[in-house]
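Q: Pasting the sequence and the predicted model now:
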Amino acid sequence: MYDTTKPHNKEISKLVKETWETPYVSIKDGIAQRKFQYPDCTSVDGIGTKGIYHWKQRSFRNAVLDALAMNLNDLALERAVPFELTNHLFLPEDDQDAVLNILYHLIRECRYRDIAVKGGETAIHNDMNGLELSVAISGFVKEQKPNQFKIGDILIGIESNGLHSNGFTKIRKLFGGEYRKEFIDPTYIYSDTILKLNERYDIHGMMNITGGAFTKLKRTLKEGEVIITRYHRLNPQEIFFDAYEKGVPDEEMYRTFNCGVGFVLSVSEEDSTKVLREIRDLNSDIIGKVIPGDGQIKIQSKFSDEEVVY
């Protein structure tokens, strides 16, 4: 039976208030006072049908990391420093332990990143078969720059750690009732690294490889075309090869999944070596370049000898 009085609210409120004083925001009685005068932007996203696996496995910390990653990595494209968050948690049944566990991990991650949790809501939907954690994060932008790949740029890829939080409708269709650990591995959060790089180097363009996968690169391409070679060390993880062997064609693989590349940076040839040296603790490599052309994205598949063109 759903307890509409939400007896856990008092404990949650105590946890949330631990985030109300940061270098960027001071909150009193739910009213936020900003400590900066820069323009801001907001990202809103959730974890989608991956939440079915998180609910069944009770992998609540990973669910939190997924929700944060989907928004923080998008904010990184705007070079935005996150400062406040609101959330809406949906559960298929009234489970106070789950609510407290999820909120505990959310607040812990926000405190680590100086993000104030401004508010939130919990809803019970008994016709759902998984959880959904929808998050809105705002960030401020110190210096606005166009996010644009330029002809002559070198493309640096940063490795994904697997499926991340996209393509799970396809995954569920391909694997049916099978469960694999890869289904709950959390999306990697790149924004911490990207914001530091942005302070030191002239990053012309960048893209988070999520929904739409490599077709998203068109958003940053105003001239020329992108060539992504197969001769780099960021190989698709086993789960992607397994999906491919179940009959998913190359074109759909690179349109649906990150195929081992979670984030792409576009920099000058001069800066490429410096950037790679800066992120040497991550698995990264030169994956391609921007050349004169008609706006196409051309990918030499890691799954076959085929070239995929978008």
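A: Yes, it's here.
Q: okay, and for this protein, where does confidence drop off?
A: 1-8 (pLDDT under 70).
Q: quick one, domains of it?
A: 9-140, 154-309 (automatic domain parsing).
Q: And residue 128, how close does it get to residue 59?
A: 17 Å (Cβ to Cβ, to the nearest Å). No exception for glycine: its C-beta is placed from N, CA and C like everyone else's.
Q: which of the two has more neighbours?
A: Neighbours were counted for residue 128 and for residue 59 using other Cβ atoms under 10 Å; residue 59 has more, 19 against 16.
Q: Need the nearest residue in space to the more buried one, chain neighbours excluded.
A: Using Cβ to Cβ, 6 or more residues apart in numbering and skipping residues adjacent in sequence, the residue nearest residue 59 is residue 184, 4.3 Å away.
Q: right, and the one you found touches residue 60 too?
A: No. In this structure, residue 184 is not within contact of residue 60 by Cβ atoms under 8 Å, at 10.1 Å.
Q: which one of the two has more residues nearby?
A: residue 60 (22 against 19).
Q: How about the contacts made by that one?
A: For residue 60, the contact set (Cβ atoms under 8 Å, 6 or more residues apart in numbering) comprises 54, 98, 101-102, 105.
Q: To residue 148, which of the domains of the chain lies closest?
A: domain 154-309 (5.0 Å; Cβ to Cβ).
Q: tell me how far the ends of that closest one are from each other?
A: With Cα to Cα, to the nearest Å applied, domain 154-309 spans 19 Å between its terminal residues.
Q: go on, stretch 265-274?
A: Using Cα to Cα, the two ends of stretch 265-274 sit 13 Å apart.
Q: helix/strand/coil for residue 120?
A: What DSSP: H, G, I helix; E, B strand; the rest coil gives for residue 120 is strand.
Q: list the buried ones in stretch 131-150?
A: By neighbour count with 16 or more other Cβ atoms under 10 Å, stretch 131-150 contains the buried residues 131-140, 147-150.
Q: Please enumerate the helices of the stretch 151-300 of the chain.
A: For the stretch 151-300 of the chain, the helices defined by DSSP state H, counting those that start in this stretch occupy 168-175, 191-200, 238-245, 250-256, 269-278.
Q: what's near enough to touch residue 271?
A: Contact partners of residue 271, counting by Cβ under 8 Å, 6+ apart, are 201-202.
Q: Also residue 103?
A: Contact analysis of residue 103 by Cβ under 8 Å, 6+ apart lists 12, 15-16, 89, 120.
Q: So which of those sit within helices?
A: Within these, residues falling in helices by DSSP state H are 12, 15-16.
Q: Just want the most central residue of the protein.
A: Among the residues of the chain, the one closest to the centroid is residue 70, at 3.1 Å (Cα atoms, centre = their mean).
Q: wait, is it part of a helix?
A: Yes. Applying three-state DSSP, one finds residue 70 inside a helix.
Q: The nearest residue to it once chain neighbours are set aside: how many residues sit nearby?
A: Leaving out its chain neighbours, the residue that sits closest to residue 70 by Cβ to Cβ, 6+ apart is residue 45, at 4.1 Å. Neighbourhood size, residue 45 [other Cβ under 10 Å]: 22.
Q: Residue 45 and residue 291, how far apart?
A: Residue 45 sits 32 Å away from residue 291, taking Cβ to Cβ as the criterion.
Q: Also residue 169?
A: 34 Å.
Q: in the stretch 151-300 of the chain, which spans are strands?
A: Applying DSSP state E, counting those that start in this stretch to the stretch 151-300 of the chain gives strands spanning 154-159, 205-208, 224-228, 261-267, 284-291, 294-300.
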